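Q: Model the following, please.
(chains A and B)
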Amino acid sequence: MNSLFSQEVPIAWYLLLSAILFSLGVLGFLIKRNLITIFMSIELMLNAVNLSFVTFAHQWHAVKGQIFVFFVMMVAAAEAAVGLAIIIAVFRARATLAVDRIDLMKL
Amino acid sequence: MHLILFIVFAGFCLAGAINLLLQSHPINSALSLIVVMTSLAVLYLLLGAEFLAAAQVIVYAGAIMVLFTFVVMLLNAGREERTMGSRSARAVGFPAVVVLLGVFATVILKAHGLGVAALSDGVTSTAELSKVLFTELLLPFEVTSVLILIAILGAVALARQGDGEPHASGERTPTK
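A: Model prediction:
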């Protein structure tokens, strides 16, 4: 309770924020019905995990945690480029972005 | 100061993420995601990661989100229709999210030895970061550049108009 009034923020709050953002990303993945928005939810999850990495890098004074976030950003950039190209290809084939109607592989 | 900044930008983050879920038009979701990413950049700065804060704004809020908004506009994605999704998503997915968040929260709040973050902690300078990146982790860094190259080639191949065109050039690619 004391830390509420001091000028410091507990590390746990950052981790809690990261966990909440991740859960919101999972929730978005489940409830959104648009392919692009589902992809955005995945980006949100990646960002939430990045926040955890930076927080722990600050906690343990480890530079490598920040470098890992850098690599995650690079992979996310590559993933976004390929993913959006796939979305364009799907749209060209099915003329829709609604995931309910992209059900070719559904049992 | 740190506490105030944290509360303000964590609030922005959560508001943006919740808005992303509530909006039904993809372009509004994309703009909310930009708010989330920019607020996260400020939080990175509060944690002393100055290089990552800059990279977050440039790579995520800049490049990736421009790609997203570009695709939303290119495909003229309209308002999404809300359906309830599959029954298994409702029966398993939503309880799983609640359990996930509960487990995370209990583990974090029960953990010992987590310190506090203050503005006086100092920043990790870019020089410090690059020293490790370009000596110890040089090979992963170079491999990442190959990954990016392959991703660009894959995106070009996927987004190319038509399938069996004789003149296989990357000239009329919708995305790079």
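Q: Let me see the ranges of the helices in chain B.
A: Taking DSSP state H as the criterion, chain B carries its helices at B:2-22, B:26-46, B:50-55, B:65-74, B:87-88, B:94-110, B:126-135, B:138-159.
Q: What's the separation between the residue nearest the centre of chain B and chain A?
A: The centre of chain B sits closest to B:Tyr60, judged by Cα atoms, centre = their mean, with a distance of 5.9 Å. B:Tyr60 sits 7 Å away from chain A, taking Cβ to the nearest Cβ, to the nearest Å as the criterion. C-beta: built from backbone N, CA, C; applies to glycine.
Q: Chain neighbours aside, what residue packs nearest to that residue?
A: Excluding the flanking residues, the one nearest B:Tyr60 by Cβ to Cβ, 6 or more residues apart in numbering or on different chains is B:Met37, at 4.5 Å.
Q: Enumerate every residue touching that neighbour.
A: A:Asn47, B:Gln56, B:Val57, B:Tyr60, B:Ala61, B:Met65 (Cβ atoms under 8 Å, 6 or more residues apart in numbering or on different chains).
Q: which one of the residues you listed is nearest B:Ala159?
A: Each of these was scored against B:Ala159 by Cβ to Cβ, and B:Met65 proved nearest at 18.4 Å.
Q: Low-confidence regions, chain A specifically.
A: Scanning chain A for pLDDT under 70 picks out A:1-6.
Q: any chance you could map the helices in it?
A: Going by DSSP H, chain A shows helices at A:11-31, A:35-60, A:63-94.
Q: Dump those helices to TSV, plus distance to chain B and mean neighbour count.
A: Shown next, in TSV, are the helices of chain A (distance: least, Cβ to the nearest Cβ, whole Å; neighbours: other Cβ atoms under 10 Å in any protein chain shown):
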stretch	distance to chain B	mean neighbour count
helix A:11-31	4	21
helix A:35-60	4	22
helix A:63-94	3	19
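Q: would CSV of the contacts of B:Met37 with distance to A:Arg94 be doable?
A: Shown next, in CSV, are the contacts of B:Met37 (distance: Cβ to Cβ, whole Å):
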residue, distance to A:Arg94
A:Asn47, 29
B:Gln56, 34
B:Val57, 35
B:Tyr60, 29
B:Ala61, 30
B:Met65, 25
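Q: so B:Val59 makes contact with A:Met73?
A: Yes. The pair B:Val59 and A:Met73 qualifies as a contact (Cβ atoms under 8 Å) at a distance of 5.1 Å.
Q: So which other helices or strands are in contact with the lowest-mean-pLDDT helix or strand in chain B?
A: One helix or strand of chain B scores below all others by mean pLDDT, DSSP states H and E: helix B:87-88, with a mean of 77. Contacts defined by 3 or more Cβ pairs under 8 Å, 6 or more residues apart in numbering or on different chains; DSSP states H and E place helix B:87-88 against no helix or strand at all.
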